[in-house]
Structure formats: C-alpha cells, structure tokens
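# predicted model, plus sequence, below.
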Amino acid sequence: MKEKIVLYQVFTRLYGNRNTTRKEGGTLDENGCGKLNDFTPTTLKKIREMGVSHIWYTGVIRHASQTDYSAYGIPRQHPAIVKGKAGSPYAITDYYDIDPDLAVDVNQRMLEFKQLVERTHKAGMKVIIDFVPNHVARQYHSVCKPEGVKDLGEGDNPSKGFDPQNNFYYCPGERFTPYFDLYHGEQEPYIEEPAKATGNDCFHNAPGMNDWYETVKLNYGVDYYAGRVGHFNPIPDTWSKMTDILLFWARQGIDGFRCDMAEMVPAEFWHWATDKVKFIHPDIIFIGEVYNPAEYRHYLGAGFDYLYDKVGMYDTLREVIRGNQSVQAITSAWQQTDDIRDHMLYFLENHDEQRIASSFFAGDARKGVPGLVVSALLQQNPLMIYAGQEYGERGMDQEGFSGHDGRTTIFDYWNIDTLTRAASRKLTKDEKALATIYNKVLTIARTEKAVTNGVSFDLMYVNGDYHRQYAFLRKAGSEVLLVVVNFDDLPSTMDVTIPAHAFDYLKLKERKNVTAVDLLTGKEIKRQLYRDCYVSVDLEPLGAVILKFKA
C-alpha cells in the first residue's frame, strides 16, 4: 500500500523546552531552550502513534544568535544584525554545523544530531531538515566546513556589484547603513563595507525595518542589476558550494530537505543540484516553499517532489474557516493544481502562519477541524501539521522580537504552553478532545486504502446549495469513504446528492441497504444508495462524518 506522507513540523528549540519563565525578550539562561535529546524514544513513539511519517526538525543548522558561544570556538554575532535573542533559524552562520543551543554538550552537537536521526528512524519516521539556499546571516563564517572546502565569499571580488562567480552581491564603495542603530549596546558598531545585498532582493546598502536586514542574498549567477539576466555557463561557484552542502547533510542520514524560499533561487540551479543529490541518494525528497502558482510546474520539473499549496488550498481553507468564502471555493482550489495534485503539500499551520486558534485567524481551534479533514483526506498528497496545532495552541504570546501576532515565535527563547502541559498530562478536556480528533484523522489518512491509494470524487458540483458543508468520495478497490464536513458552528444535516457520474466513474453499485461505519465514532448507519439520490448525513457543529462502506 502506498504511504501517505504526514509531516510533523517541530520548532526544535521550542519543542522540548519546559522552562515556563516566559520573560519577554528573555535570554537563553532566563527562558531556557529545548534540546535534540528531548526527542526521546518515548516522545518519538507518541509522535509516530499520531500518524506521523516524517518529522521536520526546524532550525537545526547553526544560525545567528545573541547567545555567546565563543568559548567553544564559535564566532560571536554582533547583536545589531540578529533578530531577537535567539535569532532567526533562516539566518545561517555555518551550513556545516548544528546549532549549539540544541546541544546538551556543545562540543558533541553533531553527534547528538546524528543520534537524533538514528532515534527517529528507529521510531519508524523519516527526518526532514531546512535547507536555506537564498540567503545567509550577515556574518556568515563556517568553522566546521570539511577540509579543503572554501567558505562562502572567500574568493569574491567585492569591487563588482555582480560577478557570476561571486557568492554575494555587493554595493561597491558603500557602507551598510540600515535604518537602525548599529551599536545595539555594543562598544563597537557593526561594520560592513562594501555593503552586501539583503536577502529579500534588496540591492542597496540601506535596508528598512521590514527587510530581511539580518541576511545577505546569495548569488546564483542572476544579474539583478541588469534585469535578472542569468549567467549559468560556466557553472556559478555558488551552485557547486550549495550542492556540496546538500550532499554533506544527505550523508548524515537525513531523508529530505524543506527548501526555504525556493522560488527566489533559479530553477536552473535546482535542476542541476537535485539531479546530483538524487543520483547518489535516490530516496531523498525535496519540499519547496514556492508561492507563485505560475512557477509550480517549473520547479517540479526542476526536481522538487512537493511544493507548498499556500496560495491555493491554504488561503482558501483559511477564508472558508473564517466564514469569508463558500465551501465551493475548495473545489476551485484543488482544480487549479489537479494535474500536479500528488505534489502539493497541504497545511493549516506552520511557523510562518498564524495559529488557527489565534484571535487573528479563527479564535477557536475546533473551527479548524473541518479543514483538517479536507486537507488530510481529499487527495493522496502530503499533509503538514505544526507542533501544538493538535492541542489548539493559540500563539498569542508576545515573546520579544516576535510580537503579539498569532504566530509562535521563531526569534525568541520561549516555552509553548500546550506542549508543556501535554508532556505533563495537564491538558484541558477540550484540548484532549481536539488531540483525539487529530489522532483519528491522521491515522485514517495513513491507513485507509481509499485515501492512500484511492481516487477522489468531489460531490459539490451537484450540491451547490451548500456553502458551509462539503462532501466528497474516496474509493480504492471495494472500499469507499463518503466524507462530509460541517464548517458551521451549528448542527446541520446535509442531504448529499451522489450523481450518476460518480457511480460510473467509481463503479459503485446501487443498493437498497448499505451499512456504513463512521470511522470517527464507530457508529453504524444504514442508507440507500441510488444514482442521483441523496444520502442524508447528520453533522455536529464544526464536525465531520467519515462513512466507510463496501462498493
């Protein structure tokens, strides 16, 4: 049976942290930090039992931080160019190193990571890590690179704004002069001259507060100064260095990369790099953060296995959950990528997005349940869950650099309330009930042949009068699932019309009495099954029914 990928994202520094001080803008010593070793065999077993197939350990590669590890031979970062005390995991300072915050023994941090990979595999799951190809920290300097490897920027000619063989873009003759104070409490200011271009394609020396000012853009041979002209022959030096980094991590036993802002790097590079990596490691997967639907097929053709379905399915489900769109929009969303449906990664939360339970999204985690069922069961494609989502984590803290925005911080040392209480078995009744639903839905997604191997049939084109209830069929062999969800916070009955075309397409038999079992409750119901007739389904508020029967 084909396995459906259920990806569980954990923000590694936060996941196992049980320090509940939660001081706004607190230091590592004050607020604590989770460790790689917090993912014990018992913890991993529980995650696996939730139906998870892959864990994305977010932020494991060493990145800029205001914590001083110079005693361990790790270069100290100037705080003026670090966002938050803990720093962004997307401002990499050494592509060949593990972040020291995550280690119990800093000197053994790579060994601790390798042991985590081994534990995860023993628990029956695969390991995904970030690959951040578009930008690095302003003070990037590798002290852990293998012998003979040249550092990024080591051979650059900074007198040229652009050169195909430079690793960075420069502003010749100009000093880095951002909007903020370059001292940031230090005796000496941060000095960068000539200034390098900033990671969000800011090609001048004075990035603003909304720019990715803590990062510098990597040069893949695209001349932005001349209107994005590509210079790919000979192969740019950055291509070789970044491919070597991918191969380095593949040798550590990981199973895939989640590639940050993949569309900001030319597809030509991805085609070249993924081909080389997969030639040696054919089972490695590449997940791309690509937001432009017009580029989806381009990047899949360049070697990506899966792409974020953010602009389509995520944005649609968010608006349906919030009551701003009809469920009919879900049909339009999946149809836009129907030809590449198996390659689209569905999600309702990740570190960039607001938590469902936050006041900025739905205000109540239960409102996300119908969207979860649709995301998990509509297609064979992968699904991503963000740690804490299953308990209704609200993300409404004001942690420090990360303000009161409905997101869980990626910049600060912090403690996630629901994960801490889940570890000590102090969840509320509602949180336990939500976790039970998540466990059931994810298990159904990974074990039911109709989901993992079956075809999908959207029923909404003949049920157009419904705007808060959504229904579809899944079928594999003789096993059929009728999935009906209710996005309304009131109970509802949906009379689901099943058209003749569905009978023909799915080879269903008309029957007077069909016994179906609701996989969420275990209850049996009997219904008639005839062409162009309806099946009546009673729905709880914000609920779902998953009826399984034989064709």
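Received, thanks. Nothing here was measured: the structure is a model prediction, and the numbers come from that model.

# what does the longest helix along the chain contact?
Looking across the chain with DSSP state H, the single longest helix is helix 429-447. Residues from elsewhere that reach helix 429-447, judged by CB atoms under 8 Å, 6 or more residues apart in numbering: 3-4, 6, 49-53, 365-366, 369, 372-373, 376-377, 383, 385, 389-392, 418, 421-422, 427, 451-452, 519-520, 544, 546. No exception for glycine: its C-beta is placed from N, CA and C like everyone else's.

# among the residues you listed, which are located in helices?
49, 369, 372, 373, 376, 377, 418, 421, 422, 451, 452.

# among the residues you listed, which ones are buried?
Buried by 16 or more other CB atoms under 10 Å: 369, 372, 373, 376, 377, 418, 422, 451, 452, out of the ones in helices among the contacts of helix 429-447.

# now, among the ones in helices among the contacts of helix 429-447, which is nearest to residue 485?
In terms of CB to CB, no member of these lies closer to residue 485 than residue 373, at 5.1 Å.

# tell me the pLDDT of the closest one.
At residue 373, the pLDDT value in this model is 98.

# please apply the same query to residue 229.
What the model reports for residue 229 is a pLDDT of 97.

# then residue 3?
Per-residue pLDDT puts residue 3 at 85.

# ok, now which ones touch it?
53, 446, 452.

# element containing the residue nearest to residue 493 when sequence neighbours are not counted, please.
Nearest residue to residue 493 in three dimensions, chain neighbours excluded: residue 538, at 5.2 Å (CB to CB, 6 or more residues apart in numbering). In the assignment (DSSP states H and E), residue 538 maps to strand 533-539.

# kindly report the same for residue 485.
Residue 485 belongs to strand 479-486, assigned by DSSP H and E.

# tilt between that strand and helix 369-377?
150 degrees (axes from the mean of the first three to the mean of the last three CA atoms, to 10 degrees).

# you'd agree residue 448 is up against residue 479?
Yes: checked against CB atoms under 8 Å, the pair residue 448 and residue 479 is within contact range at 7.3 Å.

# wait, residue 45 sits on residue 123?
Yes: Residue 45 is within contact range of residue 123, at 5.7 Å (criterion: CB under 8 Å).

# more neighbours: these two, which one.
residue 123 (20 against 15; other CB atoms under 10 Å).

# quick one, what contacts the more buried one?
Neighbours of residue 123 in contact, by CB under 8 Å, 6+ apart: 41, 44, 45, 47, 48.

# the residue nearest to residue 455 when sequence neighbours are not counted and residue 125, how far apart?
Excluding the flanking residues, the one nearest residue 455 by CB to CB, 6+ apart is residue 475, at 5.9 Å. Distance of residue 475 to residue 125, computed by CB to CB, to the nearest Å: 28 Å.

# one step back: next, the angle from the longest helix of the chain to helix 369-377.
Angle, helix 429-447 to helix 369-377, by the same axes, to 10 degrees: 20 degrees.

# check the offset of helix 429-447 from the chain's centre.
Centroid displacement of helix 429-447 relative to its chain, using CA atoms, centre = their mean, to the nearest Å, is 20 Å.

# what's the answer for stretch 490-498, then?
Worked out by CA atoms, centre = their mean, stretch 490-498 lies 33 Å from the chain centre.

# list the buried residues for that stretch?
Judged by neighbour count (16+ other CB under 10 Å), stretch 490-498 contains these buried residues: 492, 494, 496, 497, 498.

# in terms of contact, does the last one touch residue 533 like I think?
Right, the one you point to is residue 498. Yes: counting by CB under 8 Å, residue 498 does reach residue 533; the two are 7.0 Å apart.

# got any ranges where the stretch 401-550 of the chain has weak pLDDT?
Within the stretch 401-550 of the chain, not a single segment meets pLDDT under 70.

# mind listing the residues bridging to the residue nearest to residue 455?
Note on residue 475: beta-bridge partners residue 455, residue 480, judged by DSSP bridges.

# what about it, neighbour count?
For residue 475, the neighbour count with other CB under 10 Å is 22.

# so who does the residue nearest to residue 493 touch?
Under the criterion of CB under 8 Å, 6+ apart, the contact list for residue 538 reads 491, 492, 493, 545.

# and residue 525, by the same measure?
Counting by CB under 8 Å, 6+ apart, residue 525 touches 515, 516, 518, 547.

# can you redo these as JSON lines with neighbour count and distance to residue 459?
Formatted as JSON lines, those follow (neighbours: other CB atoms under 10 Å; distance: CB to CB, whole Å):
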{"residue": "515", "neighbour count": "13", "distance to residue 459": "20"}
{"residue": "516", "neighbour count": "22", "distance to residue 459": "15"}
{"residue": "518", "neighbour count": "17", "distance to residue 459": "17"}
{"residue": "547", "neighbour count": "24", "distance to residue 459": "13"}
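
# distance to residue 60 for the residues you listed - can I get that in TSV?
Below are the contacts of residue 525 laid out as TSV (distance: CB to CB, whole Å):
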residue	distance to residue 60
515	49
516	45
518	40
547	42
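
# in stretch 182-192, what's buried?
Quick answer for stretch 182-192 (16+ other CB under 10 Å): 182, 190, 192.

# surely residue 311 and residue 289 touch.
No: using CB under 8 Å, residue 311 makes no contact with residue 289, being 11.5 Å away.

# where in the stretch 1-150 of the chain is pLDDT low?
For the stretch 1-150 of the chain, the stretches with pLDDT under 70 are 1.

# let's see it at 50
For the stretch 1-150 of the chain, applying pLDDT under 50 flags no range at all.

# in it, which spans are helices?
With DSSP state H, counting those that start in this stretch, the ranges of helices along the stretch 1-150 of the chain come out as 12-15, 28-31, 41-49, 109-122.

# what's the closest of those helices to residue 358?
Here helix 12-15 is closest among these (CB to CB), at 16.2 Å.

# other residues contacting that closest one?
Counting by CB under 8 Å, 6+ apart, 33-34, 36, 38-39, 57-60, 86, 89, 99, 101-102, 387, 408-409, 413-416, 419 sit against helix 12-15.

# residue 235: how many residues sit nearby?
By the criterion of other CB under 10 Å, residue 235 has 15 neighbours.

# quick check: which element contains the closest residue to it other than its chain neighbours?
In space, residue 235 comes closest to residue 272 once its chain neighbours are excluded; the distance is 7.2 Å by CB to CB, 6+ apart. Following DSSP H and E, the helix or strand that holds residue 272 is helix 267-280.

# so which elements touch the helix or strand that that helix is followed by?
Per DSSP H and E, the first helix or strand lying C-terminal to helix 267-280 is strand 285-288. Here strand 285-288 touches strand 256-259, helix 267-280, strand 306-308, going by 3 or more CB pairs under 8 Å, 6 or more residues apart in numbering; DSSP states H and E.
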